[in-house]
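*Asks:* task: produce atomic coordinates for the following.
(one chain, ligands or ions: 1)
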Amino acid sequence: MTAPLIAGNWKMNGLGKDLAEARAVADSLAETPARARVAICPPATLLARMAEALAGSAVALGGQDCHAEPSGAFTGDISAEMLADAGARLVIVGHSERRAGHGETDAMVAAKASAATRAGLEPIVCVGETRAQRDAGQALEVICRQVAGSIPAGMAEGSFALAYEPIWAIGAGSTPTSDEIVAAHAALREALVECAGSAGRTAPILYGGSVKPDNAAEILKLAEVGGALVGGASLRAADFLAIIRA
Ligand code: PGA
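*Replies:* Alright, predicted model coming up:
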């Protein structure tokens with residue numbers, strides 16, 4: 001079994017003083033190594049400083065988004081190559097906050113995932129349904145359609161991860177039931193194999209949405225849950241470490 005991936009998504013949080021939290025995670029892992037692969041995705045302004053702070057540690061650095069093009073006249077955007085140059089090894093693409101707040105479509109997300117691969121980064125491609133879609137019984141159909149549209153053709157084995165993030169569970173303090181998570185991950189696995197062949201069989205499927213120290217162990221032991229994408233609880237070393245150790 002491959003090691004689960006626990007990735008922290010700091011979103012638009014974190015100043016220079018918060019590098020101490022990332023350093024505390026790295027120090028703890030140096031003392032007692034984790035079974036999981038660990039990554040932190042800070043805001044772009046902290047990437048270079050965090051790369052320095054985490055140099056030689058077991059914590060990988062990730063971006064939160066990238067542009068599909070390697071460079072050009074795209075004010076305010078950051079390319080996958082720039083993330084790699086700043087020390088990142090992964091990048092989140094298609095987070096629901098990008099899809100909703102920045103109008104990102106499946107096709108745009110697929111282009112970003114391709115860009116990540118081009119730059120040597122491991123994309124974490126996010127999908128997830130709204131509360132209304134779940135209530136209407138459309139959750140599985142919606143997320144499988146997002147996978148088909150957001151995973152580019154030709155992904156290689158071991159090169160990407162998928163994250164199931166029900167939008168209504170993000171920052172909400174409540175999660176789907178274990179049965180709902182298992183059903184979603186099983187459907188996503190099928191969809192992944194359909195669109196990515198053997199690469200889709202091995203790509204980890206992370207769960208994201210209100211993962212906390214007190215529910216992490218329960219969620220991480222579920223079938224086809226290959227890790228977690230953690231927002232709020234990744235900001236403090238103590239909470240994030242408790243999830244990593246789960
Ligand atoms: P949350 O966010 O853990 O704060 O719910 C997860 C995410 O949006 O990646």
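
*Asks:* low-scoring stretches of this structure, by residue?
*Replies:* Applying pLDDT under 70 to the chain picks out residues 1.

*Asks:* now do 90
*Replies:* For the chain, the stretches with pLDDT under 90 are 1-2, 153-159.

*Asks:* please, where are all the strands along it?
*Replies:* Assigned by DSSP state E, the strands in the chain fall at 5-9, 37-41, 59-63, 90-93, 122-127, 161-164, 205-208, 227-230.

*Asks:* between the first one and strand 59-63, how big is the angle?
*Replies:* Calculated by axes from the mean of the first three to the mean of the last three CA atoms, to 10 degrees, strand 5-9 forms an angle of 50 degrees with strand 59-63.

*Asks:* any idea which of the strands of the chain gets closest to A48?
*Replies:* strand 59-63 (9.5 Å; CB to CB). (Each C-beta comes from the backbone N, C-alpha and C, glycine too.)

*Asks:* close to the ligand: what parts of the protein are there?
*Replies:* 9, 165, 170-171, 208-211, 229-233 (CB under 6 Å from any ligand atom).

*Asks:* dump the strands of the chain to JSON lines, plus distance to M155 and mean neighbour count.
*Replies:* Below are the strands of the chain laid out as JSON lines (distance: least, CB to CB, whole Å; neighbours: other CB atoms under 10 Å):
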{"stretch": "strand 5-9", "distance to M155": "16", "mean neighbour count": "26"}
{"stretch": "strand 37-41", "distance to M155": "18", "mean neighbour count": "26"}
{"stretch": "strand 59-63", "distance to M155": "17", "mean neighbour count": "25"}
{"stretch": "strand 90-93", "distance to M155": "12", "mean neighbour count": "27"}
{"stretch": "strand 122-127", "distance to M155": "9", "mean neighbour count": "28"}
{"stretch": "strand 161-164", "distance to M155": "10", "mean neighbour count": "26"}
{"stretch": "strand 205-208", "distance to M155": "14", "mean neighbour count": "25"}
{"stretch": "strand 227-230", "distance to M155": "17", "mean neighbour count": "26"}
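
*Asks:* so which of those strands comes closest to G149?
*Replies:* strand 122-127 (9.3 Å).

*Asks:* give me the residues contacting that closest one.
*Replies:* Contacts with strand 122-127, where a contact means CB atoms under 8 Å, 6 or more residues apart in numbering, come from 5, 7, 62, 89-96, 109, 112-113, 116-117, 143, 146-147, 150-151, 159-165, 188, 206, 208, 229.
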